[in-house]
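Novice: need a structure here:
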Amino acid sequence: MLTSTNSTNYSTGNGLVVMKPVSNSPDQENTCNYLEFAVRLTGYSRDMLGKSVNSELKINVKRDYSLVTELDLKIEKLFREKISQTFPGHGIIGEEYPDYQPESDFKWIIDPIDGTQEFINQLPFFGTMIALLYKDEPIVGVIDHAMLDICCFAGKGLGAYVGNKKIELPENQTGAQAVVLPARADFQRNNNEDLLFHQLTCHFGNYRVFRCCYGHTTTLLGQTRLTLEHRVHIWDIAASQILIEEAGGKYSTLQTFTTDTDRKLYSVIFGSKSDVYRTSQIFQPLFDACDLTCQ
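Specialist: Numbering: from 1, shown residues only. Model (predicted):
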C-alpha cells in the first residue's frame with residue numbers, strides 16, 4: 001500500500017524529486033543525511049545512463065561470465081569518489097572494484113547497474129542499488145530504475161518510500177499472487193541444483209523471473225508476494241533488505257556460502273511477513289539439505 005505524505009522534498013539535481021523523511025532523533029537525523037546523500041548519488045547515475053542511450057558501449061566478460069560495460073565502471077568509480085570525499089572514514093564494497101576499508105563500521109555497498117544484460121538490450125528493468133551498512137546491518141537502501149523513473153529508498157527508523165509516497169506492506173499479502181524466483185541458470189552456476197529449482201517451481205506455479213532488481217521492486221510495492229534469490233552477492237540484496245524491513249515486510253537468510261575468493265554468497269527470501277514465514281518453513285530444510293550435498 002502507498003500512502004501520500006506532506007513532508008518536505010529534495011531533488012537529486014536531474015529532475016527527480018523525492019520526499020525527505022522526517023527524523024525524530026539525532027541518530028535518525030544522521031541516517032536521514034546518509035539517505036539523502038545516497039539518493040543524490042542516483043542523480044549522477046541517471047545523468048550518465050541517460051547520456052548513454054543509443055551510444056556504443058565497450059562490453060567485457062568477467063570471470064563469472066557475466067557482462068560489464070564501461071558505464072558500470074564509470075558509475076561505480078564516480079560513486080566511490082563522492083563517498084570518499086564526503087565520508088573519508090567509510091568503507092566501500094562494490095561489484096566492479098576491490099573493497100576499500102572493509103574493516104570500517106560504516107560500509108557503502110554499490111551495484112552501479114544491476115541487470116547489465118537488460119541495460120545492454122535497453123530493457124528498462126535494470127537498476128542502480130546503493131546501501132549503507134553499520135556494523136554489517138543495512139541502515140540505508142536505494143533502488144533506482146532510471147528508465148522507469150522509479151526511485152525506492154529507505155532509512156532505518158525512517159520508513160520506506162517510492163517518490164513522495166510511503167510504502168507499507170500488509171502482514172498478509174492478499175492481492176498479488178505471483179512470486180519472483182531466480183532463473184534456472186542461477187541453480188546451475190556454482191553447483192547443479194536442478195532438483196531444488198524444480199521443487200520451487202512446482203510449489204509456486206505462478207512465478208516470474210527477473211534477473212535484476214526489478215523483481216525486488218515488484219515485491220516491495222506489493223505487486224508480487226515475495227522474492228527468492230539464490231547465491232547472490234551482498235550488493236545484490238543489501239538495499240532490498242532495509243527497503244523491505246522498513247516497509248513492514250520480512251527478510252530472511254536461508255543460506256550463506258563462501259566462494260573460493262572469500263566472497264560471501266547468500267540465498268534469501270523476502271516479502272510480506274506471513275508469506276516469508278510460511279515459505280521459509282517449507283524450503284529451509286530443502287536448502288539445508290542442498291548445503292550438505294552440493295558443496
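Novice: using the three-state scheme, assign residue 239.
Specialist: The three-state label given to residue 239 by DSSP: H, G, I helix; E, B strand; the rest coil is helix.
Novice: and it, how far is that from residue 217?
Specialist: According to C-beta to C-beta, to the nearest Å, residue 239 and residue 217 sit 10 Å apart. Just so you know, the C-beta spots here come from the backbone N, C-alpha and C atoms, and that holds for glycine as well.
Novice: neighbour count for those two, which is higher?
Specialist: The residue with more neighbours, out of residue 239 and residue 217, is residue 239; 31 against 25, by other C-beta atoms under 10 Å.
Novice: do you know how far the more buried one is from residue 269?
Specialist: Separation of residue 239 from residue 269 (C-beta to C-beta): 16 Å.
Novice: at which residues are the strands of the stretch 1-150 of the chain located?
Specialist: Here the stretch 1-150 of the chain has its strands, by DSSP state E, counting those that start in this stretch, at 2-4, 9-11, 17-19, 59-61, 67-69, 91-94, 106-114, 127-134, 137-145, 150-155.
Novice: distance to residue 30, mean pLDDT and mean neighbour count added to those, as TSV?
Specialist: Output for the strands of the stretch 1-150 of the chain, formatted as TSV (distance: least, C-beta to C-beta, whole Å; pLDDT from 0 to 100; neighbours: other C-beta atoms under 10 Å):
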stretch	distance to residue 30	mean pLDDT	mean neighbour count
strand 2-4	25	49	11
strand 9-11	16	57	12
strand 17-19	18	57	19
strand 59-61	38	91	11
strand 67-69	33	91	17
strand 91-94	17	98	21
strand 106-114	10	97	26
strand 127-134	10	98	26
strand 137-145	9	97	25
strand 150-155	10	96	26
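Novice: among these, which is nearest residue 80?
Specialist: Taking C-beta to C-beta, strand 91-94 is the member of the strands of the stretch 1-150 of the chain nearest to residue 80, at 5.4 Å.
Novice: so what touches the closest one?
Specialist: If you take C-beta atoms under 8 Å, 6 or more residues apart in numbering as the criterion, strand 91-94 is touched by 76, 79-80, 83-84, 99-104, 106-112, 234-235.
Novice: have a look at the protein and report its longest helix.
Specialist: When the chain is parsed with DSSP state H, its longest helix is helix 26-52.
Novice: next, count neighbours for residue 65.
Specialist: 7.
Novice: could you check the pLDDT of it?
Specialist: Here the pLDDT value assigned to residue 65 is 77.
Novice: likewise residue 258?
Specialist: Looking at residue 258, its pLDDT reads 86.
Novice: again with residue 7
Specialist: pLDDT, residue 7: 52.
Novice: ok, residues contacting the helix or strand residue 215 falls within?
Specialist: Secondary-structure assignment from DSSP states H and E places residue 215 in helix 214-220. The contact list for helix 214-220, computed with C-beta under 8 Å, 6+ apart, reads 115, 125-127, 143, 145, 148, 150, 152, 160, 162, 167, 169, 180, 208-210, 224-227, 240, 243-244, 247, 249, 270-271.
Novice: if you set the cut-off to 6 Å instead, what comes out?
Specialist: 125, 143, 152, 180, 224, 226-227, 240, 243, 247, 271 (C-beta atoms under 6 Å, 6 or more residues apart in numbering).
Novice: and for stretch 181-188?
Specialist: 193, 197, 200, 207, 209, 211, 228, 230.
Novice: quick check: bridge partners of the fifth one?
Specialist: Read it as residue 209. residue 181 (DSSP bridges).
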